[in-house]
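S.K.: For reference, the sequence and a predicted model appear below.
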Amino acid sequence: MIADRMRQARLAAGMTLDEVARHMESLGHPITRAGLSKYEKNKSTPGQAFLAALGKVLQVKTSFFLSEPSVSIEWLAFRKQARMPQSRQEQVKALAAQVVEAQVWLQRTLYPNERPSFPKPARAHSVEDAERAAQDLRAAWKLGDAAIGSLTRLLEDRGGIVVAHGGVQTEREFDGLAGWADHTTPIAVVSTNVPDDRLRYNLAHELGHLLMDCPDLDPKEEESLAHRFASALLIPAAVIRRELGARRRRVAMREFAILKGKCGLSMQGSVRRAFDLGIIEESQYKALFAQFSQFGWRKSEPYPYAGDEKPARLLQMTVRAFTEGIITRERAEQVCPGCTTAMPGQPDERVQPISASALRKLPREQRDAILAAAAKEAEDEYLGNRELTDFEAFSEEDVDDQDEGPQ
């Protein structure tokens, strides 16, 4: 447990073993890279004083190293640039795992009877299967052919977890990462270093990985089906045929710009969708993409799409849990930095301790959640406070006094 938590915290901090060793030495806890590696491989166990210092270096509480992970995560597909270093890949996964763990705990605490509402993954071997999977999802969620306003909100409302990862890199390193928490809750991690239309497409793509089972396909073929699923989800075949017609010799570029504003799929994505469905011929498809290249629109399209794909579920649950006294301000800020800051023009809202009589009047589920959180907070304080833990049960004087008997 300690070994896994140490590695997770280091990866989330984006630090190498050598960097951690240098910081530990500056805090008066010299250790070699090999020594740290032994700890992370569970070949040796660190002391509490070492963990307290390590927590400062990695910016986590000491109790983090001593707590069992409450969620098991299985990562499925990572759509990334070939140049993305392995260390950055592991950092993205570690940071996402921390968000997922916090969100699952809050979900189970605040809404213990709610379960994710996602169809079971369907077998997919062809583009027809991908189209059908997207149609089935729309049917299951009663969306019809209507445009999806916010795909992020839709997934969160159905019990999924969306993690928006915004790095400091000037270039996009990855598009998306899909996975399952405890085999029941879908996870989609998406990069925010892209325009809104690209972000929602990436989100739809990861959803394709989650809802299609492609056991006999190689990764490239599976990616192709996920692309087809994403386009079909954002613009159903019936919609784009209604907008453009069943067959066209020529389509004006502005028509794809209008589609982008209505459906939230990039102009390039709509052109590809029209080609895949046989609305335009290959010659028209190539001519349109030649225009994208000619005018520099491959990376930055005209007519930007202003979407609303910022996750809100974790923030909402954290603020609620803090307001109800289920978690402390410190814990709330760890989960969602800035979430306890007062709104502009409003006084700082400080949670008052709940009285025993008020606690008894609460519904049992809410009362149990508050008591469980208080117990966890006390445990964290005990484990992280050296004044409480750095002592022996009996001192030498106590033993001597017992040997001497009553005076």
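M.R.: Yes, it's here.

S.K.: make it CA atoms for all contacts and neighbour counts henceforth
M.R.: OK.

S.K.: Look up the closest residue to residue 20, ignoring the ones flanking it.
M.R.: residue 57 (7.1 Å; Cα to Cα, 6 or more residues apart in numbering).

S.K.: show me the contacts for the one you found.
M.R.: 20, 23, 24 (Cα atoms under 8 Å, 6 or more residues apart in numbering).

S.K.: got a markdown table for those residues, with neighbour count too?
M.R.: Output for the contacts of residue 57, formatted as a markdown table (neighbours: other Cα atoms under 10 Å):
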| residue | neighbour count |
| --- | --- |
| 20 | 20 |
| 23 | 18 |
| 24 | 19 |
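
S.K.: and of those residues, the nearest to residue 81?
M.R.: Using Cα to Cα, residue 20 comes nearest to residue 81 of the contacts of residue 57, at 27.2 Å.

S.K.: contact partners of the helix or strand harbouring that closest one?
M.R.: Here residue 20, judged by DSSP states H and E, is contained in helix 17-26. Helix 17-26 has contacts (Cα under 8 Å, 6+ apart) with 10, 30, 31, 32, 33, 36, 37, 53, 54, 57.

S.K.: Does the last one fall in a helix, a strand, or a coil region?
M.R.: Assigned with DSSP: H, G, I helix; E, B strand; the rest coil, residue 57 falls in the helix class.

S.K.: Run a quick neighbour tally on the nearest residue to residue 236 once chain neighbours are set aside.
M.R.: Sequence neighbours aside, residue 145 is the residue nearest to residue 236 in space, at 6.5 Å (criterion: Cα to Cα, 6+ apart). By the criterion of other Cα atoms under 10 Å, residue 145 has 16 neighbours.

S.K.: SS state for residue 145?
M.R.: Going by three-state DSSP: residue 145 is coil.

S.K.: My understanding was that it contacts residue 240; is that so?
M.R.: No: counting by Cα atoms under 8 Å, residue 240 is not a contact partner of residue 145; they are 10.2 Å apart.

S.K.: Low-confidence ranges, the stretch 51-200 of the chain, go.
M.R.: Applying pLDDT under 70 to the stretch 51-200 of the chain picks out residues 167-171.

S.K.: before we move on, back to that, and the residue nearest to residue 236, what does it touch?
M.R.: For residue 145, the contacting residues are 138, 236, 238, 239, by Cα under 8 Å, 6+ apart.

S.K.: And these, which of them are buried?
M.R.: Buried residues within those, counting neighbours by 16 or more other Cα atoms under 10 Å: 138, 236, 239.

S.K.: Tell me the buried residues in the helix or strand hosting the last one?
M.R.: When secondary structure is defined by DSSP H and E, residue 239 falls within helix 237-244. Residues of helix 237-244 classed as buried under the neighbour-count rule (16+ other Cα under 10 Å) are 237, 239, 240, 241, 244.

S.K.: measure the most centrally placed residue in the chain to residue 306 for me?
M.R.: Residue closest to the average C-alpha location in the chain (Cα atoms, centre = their mean): residue 163, at 2.7 Å. Counting by Cα to Cα, to the nearest Å, the gap between residue 163 and residue 306 amounts to 19 Å.

S.K.: quick one, what contacts residue 322?
M.R.: Here residue 322 is in contact with 328, 329, 332, 340, 351 (criterion: Cα under 8 Å, 6+ apart).

S.K.: any chance of the residues you listed in CSV, plus neighbour count, secondary structure and distance to residue 261?
M.R.: Listed next are the contacts of residue 322 as CSV, based on neighbours: other Cα atoms under 10 Å; DSSP: H, G, I helix; E, B strand; the rest coil; distance: Cα to Cα, whole Å:
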residue, neighbour count, secondary structure, distance to residue 261
328, 17, coil, 42
329, 20, helix, 41
332, 23, helix, 37
340, 19, coil, 35
351, 12, coil, 43
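
S.K.: Would you check which pair of these lies furthest apart?
M.R.: Largest separation among the contacts of residue 322 by Cα to Cα: 332 and 351, giving 12.0 Å.

S.K.: Distance of the residue nearest to the centre of the chain relative to residue 56?
M.R.: For residue 163 relative to residue 56 (Cα to Cα), the value is 25 Å.

S.K.: Point me to the helix or strand that includes the residue nearest to residue 176 when sequence neighbours are not counted.
M.R.: Distances taken as Cα to Cα, 6+ apart put residue 190 closest to residue 176, at 4.4 Å, once the chain neighbours are dropped. Per DSSP H and E: residue 190 is located in strand 185-191.

S.K.: so when I look at residue 78, I'm seeing a strand, right?
M.R.: Yes: counting by three-state DSSP, residue 78 is part of a strand.

S.K.: if I read this right, it contacts residue 173, doesn't it?
M.R.: No: between residue 78 and residue 173 there is no contact under Cα under 8 Å: 11.0 Å.

S.K.: Which strand residues bridge residue 80?
M.R.: Here residue 80 sits in beta bridges with residue 174, going by DSSP bridges.

S.K.: got the contact list for it?
M.R.: Per Cα under 8 Å, 6+ apart, neighbours of residue 80: 173, 174, 175, 176.

S.K.: got the contact list for the last one?
M.R.: Residue 176 sits next to 78, 79, 80, 188, 189, 190, 191, 202, 203, 205, 206 when contact means Cα under 8 Å, 6+ apart.

S.K.: can you give me the strands in the stretch 201-350 of the chain?
M.R.: Using DSSP state E, counting those that start in this stretch, the strands of the stretch 201-350 of the chain run over 212-213.

S.K.: quick revisit: quick one, which of the contacts of helix 17-26 are buried?
M.R.: So, by 16+ other Cα under 10 Å, the buried ones in the contacts of helix 17-26 are 10, 31, 36, 37, 53, 54, 57.

S.K.: wait, the first one sits on residue 3?
M.R.: No: proximity of residue 10 to residue 3 does not meet the contact threshold set by Cα under 8 Å, at 10.8 Å.

S.K.: Need the overlap of contacts for the two.
M.R.: With Cα under 8 Å, 6+ apart as the test, residue 10 and residue 3 reach no residue in common.

S.K.: Please parse this protein into its domains.
M.R.: Domain assignment for the chain by automatic domain parsing gives 1-68, 122-294, 313-389.
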